[in-house]
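Trainee: Need coordinates for the following:
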Amino acid sequence: MQATDQIILETQRLVLRKLTLNDTAFILELLNSEGWIRFIGDRNVKNEEQAKYYLENGPLKSYREHDFGLWKVDLKENGIPIGMCGLLQRPNLSEPDIGFALLPSYTGKGYAFECAAAVLELAFQSFHLEKLSAIVVPHNTASISLLEKLGFVFIKQFSFPNEQELLCLYHWHRK
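Mentor: This is a model prediction of the structure:
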């Protein structure tokens, strides 16, 4: 585990912390996992140099510009990295959206719900966000179920400008 100043939040079983350039091997594994490729898309991150570029121009840039981003999810008991979860500010969406992805061997164990629910609370408590979005491909039924369990409501299907992929847009409002 990294220094405690990098920890964003802790849950019963998980620690979310800022990603660093030391996480290139983990990023390579996660971004090339079957679930990531199928549901998020191939980001063409095939070596450590490309993983470093992804980190520098994705999560690390987001931390600098927005004070939030995608955070690494570690198991609390042993520090094993199992995924990412956090907030993204996309230029095409009016409010930040939540994102999450786990390595295949850690899905179906409640970890995604645990970290996503904690990120929602953090979004409200620390970033004072009353509304969030989520985007998901229509065939990702597990993520859709998770979003609905978290209180997200389906708004519409859409595609980003100059993209052909059909996505589902969900919104969450603080109650």
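Trainee: longest helix anywhere in the protein?
Mentor: helix 111-125 (DSSP state H).
Trainee: buried stuff in that one?
Mentor: For helix 111-125, a neighbour-count test (16 or more other C-beta atoms under 10 Å) marks 111-112, 114-120, 122-124 as buried. No exception for glycine: its C-beta is placed from N, CA and C like everyone else's.
Trainee: now swap in stretch 49-58 and tell me
Mentor: So stretch 49-58, judged by 16+ other C-beta under 10 Å, has buried residues 50-52, 54-55, 58.
Trainee: cool, stretch 89-104 as well?
Mentor: Using 16+ other C-beta under 10 Å as the test for burial, stretch 89-104 gives 96-103.
Trainee: need the contact list for Trp36.
Mentor: Counting by C-beta atoms under 8 Å, 6 or more residues apart in numbering, Trp36 makes contact with 30, 43, 101.
Trainee: so what's the backbone phi/psi at it?
Mentor: phi -60, psi -50 (degrees, to the nearest 10).
Trainee: quick one: contacts for Ser33?
Mentor: So Ser33 contacts 101, 103-104 (C-beta under 8 Å, 6+ apart).
Trainee: And the helices in this structure?
Mentor: For the chain, helices defined by DSSP H occupy the ranges 24-31, 34-39, 48-57, 59-66, 111-125, 141-149.
Trainee: contact partners of the last one?
Mentor: This points to helix 141-149. Residues contacting helix 141-149 (C-beta under 8 Å, 6+ apart): 39, 100, 107, 112-113, 116, 134, 136, 138, 154, 168, 170.
Trainee: just stretch 157-175 next, same as before
Mentor: Contacts for stretch 157-175 (C-beta under 8 Å, 6+ apart): 41, 92, 95, 98, 120, 124, 129-138, 144, 147, 150-156.
Trainee: Would you show me how to pick out the buried ones of these in ChimeraX?
Mentor: Burial among these is assessed by 16+ other C-beta under 10 Å; the matching ChimeraX selection reads:
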select :98,120,124,129,132,133,134,135,136,137,144,147,150,152
